[in-house]
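> sequence plus predicted model, see below.
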Amino acid sequence: MKLYIVGNGKSLKDFDFEFLKDKEWIGTCLAFRHWERTGIYPTHYVCVDSVVCNHHRHKILEMIKEKRCKTFFICHSLFNSDIGDELKKHDNVVSLQMYIHSKENPFRYLIDYCSGTSAVLYGYCLDAKEINILGMDCKYEEFIPECIEQEDGTLKIIKTPTDNPNYYFNDYQQVGDIYNPPNVQMVHKSSWWDLRNIILLFNILRTEEIKIYNYNSNDTLDIYFEKKSLSELQ
């Protein structure tokens, strides 16, 4: 299976999502706002940021009940929330923590994680033979003018951005949204490093090389995966 892992970075600003209509792909986090407009939903959904998951848990549950995606990979805390009983009725909903505590699962070795790296590793667990990464820019403006820091360290959007520098559509984040600071250096880049080493290890253990390509003009993931241009995508 050839699988596409689609992030939400600015590099996808002019990407034609029609390309993904007949493809097996994973989408992440708040991109459901774009999918609602296009009607093009991913095969699988991933969001493991506990703050984002909790804040948008009812939207996630709505997608699950409407069967918008084949599987959902989320934070385990949602199983203990007010939607937990409903989530337990769906066997296509799994959590990061379930995988971390599963024997011989690569997630056991993921020390740092974000939704992007979790999506790639989830794709590996789905037995993809080739993984193509799009829109994982790993390059954030940590504090945009439209956000404020809250007492617990999370960030809150106080005005829907008209030009969001971090995402391929400007209202990816909307007024009232709460999220964790990106923390690129300490979390995201460490997570990509962990992921790359885990893939190398499990390729050896499984005696099978799973190819991973990063389609991006951005150079932030160059040391982890072979880079290609979006124009080469097929």
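Great, that's in hand.
> C-alpha only now, for contacts and for neighbours.
OK.
> quick check: next helix or strand after the helix or strand Leu3 falls within?
Using DSSP states H and E, Leu3 sits in strand 2-6. Once the chain leaves strand 2-6, the next helix or strand it forms, by DSSP H and E, is strand 24-28.
> now do the first helix or strand past that next one going along the chain, average pLDDT.
Using DSSP H and E, the helix or strand that follows strand 24-28 in sequence is helix 32-38. In this model, helix 32-38 has an average pLDDT of 97.
> can you list the strands that the helix or strand following helix 32-38 pairs with?
Proceeding N to C from helix 32-38, the next assigned helix or strand is strand 44-46, under DSSP H and E. In the sheet, strand 44-46 lines up against strand 24-28 (parallel), strand 71-74 (parallel) (DSSP bridges).
> which residue ranges of this structure form helices?
For the chain, the helices defined by DSSP state H cover 32-38, 50-55, 57-65, 84-87, 96-100, 115-125, 189-205.
> rewinding a little: so what touches the strand holding Leu3?
Defining contact as CA atoms under 8 Å, 6 or more residues apart in numbering, one finds that strand 2-6 is touched by 23-28, 119-120, 123, 128-136.
> ditto for stretch 186-203
By CA under 8 Å, 6+ apart, stretch 186-203 touches 106, 109-114, 117, 121, 138, 182, 209-210, 221, 224-225.
> farthest pair in the residues you listed?
Using CA to CA, the two most remote members of the contacts of stretch 186-203 are Pro182 and Glu209, lying 31.0 Å apart.
> okay, these two: which has more neighbours?
For Pro182 versus Glu209, neighbours defined as other CA atoms under 10 Å are more numerous around Pro182 (17 against 14).
> related to what we said a few turns ago, name only those of the contacts of strand 2-6 that count as buried.
24-28, 119-120, 123, 128, 130-136 (16 or more other CA atoms under 10 Å).
> quick check, nearest of the residues you listed to Ile157?
Each of the buried ones among the contacts of strand 2-6 was checked against Ile157 using CA to CA; the closest is Thr28, at 19.0 Å.
> follow-up on the earlier one: partners of the strand holding Leu3 in the sheet?
Partner strands and pairing direction for strand 2-6 (DSSP bridges) are strand 24-28 (parallel), strand 130-134 (parallel).
> closest to Met98 out of those?
Closest approach to Met98 among the strands paired with strand 2-6 (CA to CA): strand 24-28, 18.5 Å.
> tell me the angle that closest one makes with helix 115-125.
150 degrees (axes from the mean of the first three to the mean of the last three CA atoms, to 10 degrees).
> and strand 24-28, C-alpha only, in PDB?
The C-alpha coordinates for strand 24-28 follow below in PDB (Å, rounded to 0.1, in the frame of the first residue of the first chain):
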ATOM      1  CA  GLU A  24      -5.100   6.100   0.900                       C
ATOM      2  CA  TRP A  25      -4.100   9.000   3.100                       C
ATOM      3  CA  ILE A  26      -3.900  10.300   6.700                       C
ATOM      4  CA  GLY A  27      -5.100  13.800   7.700                       C
ATOM      5  CA  THR A  28      -4.400  15.500  11.000                       C
END
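> who's in contact with Pro181?
Neighbour list for Pro181: Glu142, Phe143, Gly153, Thr154, Leu155 [criterion: CA under 8 Å, 6+ apart].
> which of those residues sits closest to Glu36?
Nearest to Glu36 among these, with distances taken as CA to CA, is Leu155, at 24.7 Å.
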